[in-house]
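Asks: pasting the structure only:
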């Protein structure tokens, strides 16, 4: 696995907010707000190398050509349910993006991903996809999601998460070496239940206050 496939985002504000999220006494409200803030910051890094095009505009002084990202070609693919916590912050930065959903749950015995829902925009072959899931842990859900997405032949795929670990990255890139991962943190590893340690707990439960 080459280093270029994992982009660790070390911006001080991102790292500061991630530390606040990791604390076990951070409230649901605060956790949700922090996910929103971090996801907006991650959007800047993830779109750094996206293709641009020139359009003609008029400034208050004269016409000119200026560059834009074609936001309508970006798809934010949320892995349910925790991925939805990423959406609002990302959409603040890329408001023209389309949104797709991939419903997966982890079998508690096998730790394998089971799909129950899949809905994407049309014309995926013209679109750049950013897959959203706060935790890239075992890597099984991420692999299953990208397996399914590749069947739609998107123009490109990127994966965004809050925290991952070496095992998850290896599993993911063994299957999808062409998909870069953007994350603020590569943690130590997994515990016996497949959770990232030290991690930040179950992101879905903490976002939605279900535990």
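Replies: Yep, that arrived. What you see is a predicted model, and the numbers here were worked out from it, not measured in a lab.

Asks: list the buried residues in the top helix by length along the chain.
Replies: Taking DSSP state H as the assignment, the helix of the chain that covers the most residues is helix 28-46. Residues 31-43, 45-46 are the ones in helix 28-46 that count as buried (16 or more other CB atoms under 10 Å). (Each C-beta comes from the backbone N, C-alpha and C, glycine too.)

Asks: nearest to residue 97 among those?
Replies: Comparing those against residue 97 with CB to CB picks out residue 43 as the nearest, at 9.2 Å.

Asks: gap between residue 194 and residue 103?
Replies: In this structure, residue 194 and residue 103 are 19 Å apart, going by CB to CB, to the nearest Å.

Asks: next: residue 29.
Replies: Per CB to CB, residue 29 is found 26 Å from residue 103.

Asks: which strands or helices does the longest helix of the chain pack on?
Replies: Of the remaining helices and strands, those touching helix 28-46 by 3 or more CB pairs under 8 Å, 6 or more residues apart in numbering; DSSP states H and E are helix 12-22, helix 84-93, strand 156-160, strand 181-183, helix 203-208.

Asks: between it and helix 12-22, how big is the angle?
Replies: Using axes from the mean of the first three to the mean of the last three CA atoms, to 10 degrees, the interaxial angle of helix 28-46 with respect to helix 12-22 works out to 150 degrees.

Asks: distance from helix 28-46 to the middle of the chain?
Replies: For helix 28-46, the separation from the chain centroid amounts to 11 Å (computed by CA atoms, centre = their mean, to the nearest Å).

Asks: that one vs strand 156-160, what angle?
Replies: 140 degrees.

Asks: what's the following helix or strand after the biggest strand by length in the chain?
Replies: Of all the elements of type strand in the chain, the one with the most residues (DSSP state E) is strand 98-106. Toward the C-terminal end, the helix or strand that comes next after strand 98-106 (DSSP states H and E) is strand 113-119.

Asks: how about that following strand: buried residues?
Replies: Using 16+ other CB under 10 Å as the test for burial, strand 113-119 gives 113, 118.

Asks: for the following helix or strand past that strand, packing partners?
Replies: Beyond strand 113-119 on the C-terminal side, the first helix or strand identified by DSSP H and E is strand 128-132. Using 3+ CB pairs under 8 Å, 6+ apart as the contact criterion, the secondary-structure elements in contact with strand 128-132 are strand 74-80, helix 84-93, helix 140-150, strand 156-160.
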